[in-house]
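> Next comes the sequence, and after it the predicted model I'd like to discuss.
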Amino acid sequence: MAEILDIQPIEVYEVATFYTMFNLKPVGKHVLEVCRTGPCMLRGADQLIEHLENRLGCRVGENSADGLFTLKTVECLAACGFGPMLQIREKYYENLDPEKTDQLLDELSKQ
């Protein structure tokens with residue numbers, strides 16, 4: 001990309017690492033992007049992240065062993081009144097708890 005755009009490779013890297021929609025390594029079929037900003041944290045985002053890590057068997061920034069899921073944290077997704085929440089592609093999943101999250105993961109596993 002740097003060569004095509006006639007810029008330094010570090011400039012491409014800076015952009016690619018700033019925006020969460022760019023991935024520097026392969027991701028799973030479903031990329032789970034959990035909001036980690038203040039309002040979601042106050043409503044349980046830390047617990048949601050911990051639950052997802054335990055359920056998927058991977059940490060934030062990693063893929064599940066089956067390759068179906070990638071777990072990421074992201075900055076504000078503008079659903080502050082409905083946290084904790086996560087985004088998968090263009091869809092938001094709000095007011096999540098362990099039961100709702102497990103149900104979502106079960107549905108996604110079938111796709």
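Now that the structure is in, tell me what you want to look at.

> Please name the residues that touch residue 87.
Residues counted as contacts of residue 87 (C-beta atoms under 8 Å, 6 or more residues apart in numbering) are 33, 35, 74, 77, 93. Placement of C-beta: from N, CA and C, glycine included.

> And residue 76, by the same measure?
Each residue near residue 76 by C-beta under 8 Å, 6+ apart is listed here: 35, 37.

> Distance of it relative to residue 43?
Using C-beta to C-beta, to the nearest Å, we find residue 76 at a distance of 13 Å from residue 43.

> quick one: what helix or strand has residue 40 in it?
The secondary structure element spanning residue 40 is helix 38-42 (assigned by DSSP states H and E).

> Check residue 41 and give its pLDDT.
Here, the pLDDT recorded for residue 41 equals 93.

> how many neighbours does residue 82 have?
When counting by other C-beta atoms under 10 Å, one arrives at 17 neighbours for residue 82.

> could you pull out the strands for the protein?
Counting by DSSP state E, the segments of the chain that form strands are 30-35, 69-74, 86-88, 91-93.

> Other residues contacting the helix holding residue 40?
By C-beta under 8 Å, 6+ apart, the surrounding residues in contact with helix 38-42 are 34, 80, 81, 83, 84, 85.
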